[in-house]
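**Q** I need the structure of the sequence given here:
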Amino acid sequence: MKKLIIISAFLIFGCSANSDINAQESDEIFTLYLVRHSEKDLTSDNQSDPPLTECGEKRSEHLSNFLKEIDLDVIYSTNYTRTKNTALPTALSKEIEVRQYKAQKLKDFSKVLIESKQNALVVGHSNTTAVLAGLLVNQTLGAFDLDIYNRIYKVEFKKDNGELVLIHSNFKCP
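**A** Prediction:
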């Protein structure tokens, strides 16, 4: 009878140890989604910090729907109305406060993203989004055209190695 109890205890603890190993491995995997802000209103009186257009607001809602089933721990945005409002629908649906980052310090920010090991959405600009994606995977990527809004840079990390996938959103303004 004692042998049976010992074997059962070993099996229970063995399974528990396996679960801990699997949990540690899953902690090593995280995904970052980097996007440019949605369409900005070029007719706005505030040209230094314009709001989103109606189309931009709809694109931001579409992004939120795209990320609906994705587990996010944190959302980052630069301190501009257009980036914060692009992040807003996702932040509201996930009940996550939007944190600010400085686009002028992308190298430092890339290190923060990697070290934090959190699933994140990062909203930036045409001259920062691809550059940041490149920094995360040790590639040189440059700015892209001002009329491009449909790119989602997905960087998945497994054991500190990032793999970049470029997704093109199918959203079109009506």
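**Q** okay, helices next: where are they in this structure?
**A** With DSSP state H as the criterion, the chain has helices at 2-27, 54-66, 81-94, 106-116, 129-136.
**Q** the last one packs against which elements?
**A** Where contact means 3 or more CB pairs under 8 Å, 6 or more residues apart in numbering; DSSP states H and E, helix 129-136 is packed against strand 29-36, helix 106-116, strand 120-124, strand 151-158, strand 161-168. Every residue, glycine included, has its C-beta placed from N, CA and C.
**Q** and the third one, what other elements does it pack with?
**A** Helices and strands touching strand 120-124, as assessed by 3+ CB pairs under 8 Å, 6+ apart, comprise strand 29-36, strand 74-77, helix 81-94, helix 129-136.
**Q** wait, which of those is closest to Ser64?
**A** Each of those was scored for nearness to Ser64 using CB to CB, and the closest is helix 81-94 (3.7 Å).
**Q** who's in contact with the closest one?
**A** By CB atoms under 8 Å, 6 or more residues apart in numbering, the surrounding residues in contact with helix 81-94 are 35, 37-38, 40, 46, 49-52, 56-57, 59-61, 63-64, 67-68, 72, 75-77, 96-98, 121, 123-125.
**Q** let me know whether Phe157 touches Thr31 as I believe.
**A** Yes - in terms of CB atoms under 8 Å, Phe157 counts as a neighbour of Thr31; the distance is 7.2 Å.
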